[in-house]
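Q: Below are the sequence and a predicted model; questions follow.
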Amino acid sequence: MTILGGCEFPDGLLYFVERTQMTWVQVEGDTVRVGLTDPAQTRAGKILHVRIKAAGTSRERGKPLATVESGKWAGPVMSPLSGVVSEANPEVEKDPGLLNTDPYGKGWIARLKFSQPAEVNDLLRGEAALAKFREILERDKIHCVRCQG
Amino acid sequence: MPEATPAPPDPEGKKILMIMTSGPEDPDKTYAPFYTAALMAAMEIDTTMYFLMHAPELLRKGAAEKVPLKKGGNLKMFIDMARENGVKFLACAESCRDLCEISEGDLLEGVQLVGSATLADLALDADSVISF
């Protein structure tokens, strides 16, 4: 685990960082699990609603996988890879606050069966990912907090 | 066990036209439309905001920063959020000229000036029209 600006970045994850997107990706065989990173949930604020694309929905890389809204922010969570949604996390749909309190654990958003394995190589990892986050955290003056309850 | 509520149909590809008539004179009426439009665009709804009467004043360069919100901050971040998510902004040319005295160069980049006939076209073409 690396901590930058109070934001946690677990080891072993891949990251999709483009425009306003900061999501994590965990490869699990031919599927991936996707969720918001600590700075992404911090920037959104206390998330009140989430709507995730239903299982079976085809997604191209960069198309919305879910939408989240917090009252101060509303936006898409883009799909980091092309593929088909295999599962939307029902716990997060019932309790969107999990995106804030446990973004890398119970707050995962969706599983995706990816169709273009080469796209996995475009995701950031390790030092390259941390360098990118360091730049964003400094530029946008983000210091992570975990909203409770 | 109660039956789960069926998920609403995916709105991807639908078109919504939002008509804005309030300007900086009524800050409480400005935030929700931009927030809602941003959310709709994030849901892949083709979202257009049409500004008429005093609403084009909100799109004047530097104006949104001067519209305070009760929840803190100002309107600019919500306008930026809507644009970032892909909401299209159209301003009524007649309102800009006769009520607001705004020229095209005074408007935020990317705002298109259009005539009233365009409003009719957009309303007829949209799946739903929402007026604020």
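A: Looks like it arrived, so ask away.

Q: CA only for contacts and neighbour counts going forward, please
A: Fine.

Q: all helices of the chain, in order?
A: As the question left the chain open, I've gone with chain A. Applying DSSP state H to chain A gives helices spanning A:38-44, A:90-94, A:98-101, A:126-140.

Q: wrong one, I was asking about chain B
A: Using DSSP H, helices in chain B cover B:31-42, B:76-85, B:93-94, B:116-125.

Q: one step back: tell me which of the helices of chain A lies nearest to residue B:58.
A: helix A:38-44 (24.1 Å; Cα to Cα).

Q: sorry, back to before: let me have the helices of chain B in CSV, extended by mean pLDDT and distance to chain A.
A: Formatted as CSV, these follow (pLDDT from 0 to 100; distance: least, Cα to the nearest Cα, whole Å):
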stretch, mean pLDDT, distance to chain A
helix B:31-42, 94, 5
helix B:76-85, 94, 7
helix B:93-94, 94, 29
helix B:116-125, 94, 24
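
Q: separation between the spatially most central residue of chain B and chain A?
A: Geometric centre of chain B, nearest residue: residue B:49, 3.4 Å, by Cα atoms, centre = their mean. Note on residue B:49: its distance to chain A, by Cα to the nearest Cα, to the nearest Å, is 16 Å.

Q: could the helices of chain A be laid out in a markdown table, adding distance to chain B and mean neighbour count?
A: Formatted as a markdown table, those follow (distance: least, Cα to the nearest Cα, whole Å; neighbours: other Cα atoms under 10 Å in any protein chain shown):
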| stretch | distance to chain B | mean neighbour count |
| --- | --- | --- |
| helix A:38-44 | 12 | 22 |
| helix A:90-94 | 11 | 15 |
| helix A:98-101 | 18 | 25 |
| helix A:126-140 | 13 | 14 |
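
Q: Switch those helices over to CSV; also include mean pLDDT.
A: As requested, the helices of chain A are arranged in CSV below (pLDDT from 0 to 100):
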stretch, mean pLDDT
helix A:38-44, 94
helix A:90-94, 95
helix A:98-101, 96
helix A:126-140, 94
